[in-house]
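S.K.: give the three-dimensional model of this entry:
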Amino acid sequence: MVQIIAKNWAFYQSINRDPDVISLCFDEPSLEEIKASFESRLPVWDKASEQWLCLTITLNETDEMIGITGFRVQNGIAEVGFMIQPKYHGLGYGTESLKALIKWAYENHGIQCFNAVVTEGNIGSEKVLIKCGFSLKDVIPNSYNIGGKLYADHIYQYQKITL
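M.R.: Sure thing, here's the model as predicted:
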């Protein structure tokens, strides 16, 4: 995984417009919204950054980009997120990349607490979070609108235990 760069624009745009990826995440954004989101992720990231650290998930064998992952830090807590191309769903790449992201964030930046917000019904993402040690901390009913329908937000948390 490496931080997203300008030449990754086409991939970033396509994954943010793929109905099978975004259907339980958000309504399809406009091209301008995607471009603004992409550009906000391009500056070199450090722990004091307010923007998301956005990393591409790439297959080692083929160098094919299959998804993105990352987090943003607020008040010492990292909110994580990930999107993976549908043909790679269920193959363990989300779990592998999230575990690696958490390990890197902890070892290199001392981040010990991670949150994730998942839209009700996004069972695949919830399974990934649980496999990575997250637990459901809260459910906020009718908090997110996708396609004119209200969904609950499921709030997950992972706390790195240090001895």
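
S.K.: phi, psi for residue 121 please.
M.R.: The phi and psi values for residue 121, taken as degrees, to the nearest 10, are phi 100, psi -10.

S.K.: now do residue 83
M.R.: Dihedral angles of residue 83 (phi, psi; degrees, to the nearest 10) stand at phi -140, psi 130.

S.K.: and residue 26, how many residues sit next to it?
M.R.: For residue 26, the neighbour count with other Cβ atoms under 10 Å is 14. The C-beta positions use only the backbone N, C-alpha and C, and glycine is treated the same way.

S.K.: and the pLDDT for it?
M.R.: For residue 26, the pLDDT comes out at 92.

S.K.: quick check: beta-bridge partners of the residue nearest to it when sequence neighbours are not counted?
M.R.: Once flanking residues are discounted, residue 26 sits nearest to residue 146: 6.4 Å by Cβ to Cβ, 6 or more residues apart in numbering. Beta-bridge partners recorded for residue 146 (DSSP bridges): residue 149.

S.K.: and residue 146, what does it touch?
M.R.: Applying Cβ atoms under 8 Å, 6 or more residues apart in numbering, we find residue 146 in contact with 23, 24, 25, 26, 27, 119.

S.K.: elements contacting the helix ranked longest in the chain?
M.R.: The single longest helix within the chain, with elements called by DSSP state H, is helix 93-109. The contact analysis (3 or more Cβ pairs under 8 Å, 6 or more residues apart in numbering; DSSP states H and E) places helix 93-109 against strand 53-58, strand 65-74, strand 77-84, helix 123-131.

S.K.: nice, that's everything, thank you.
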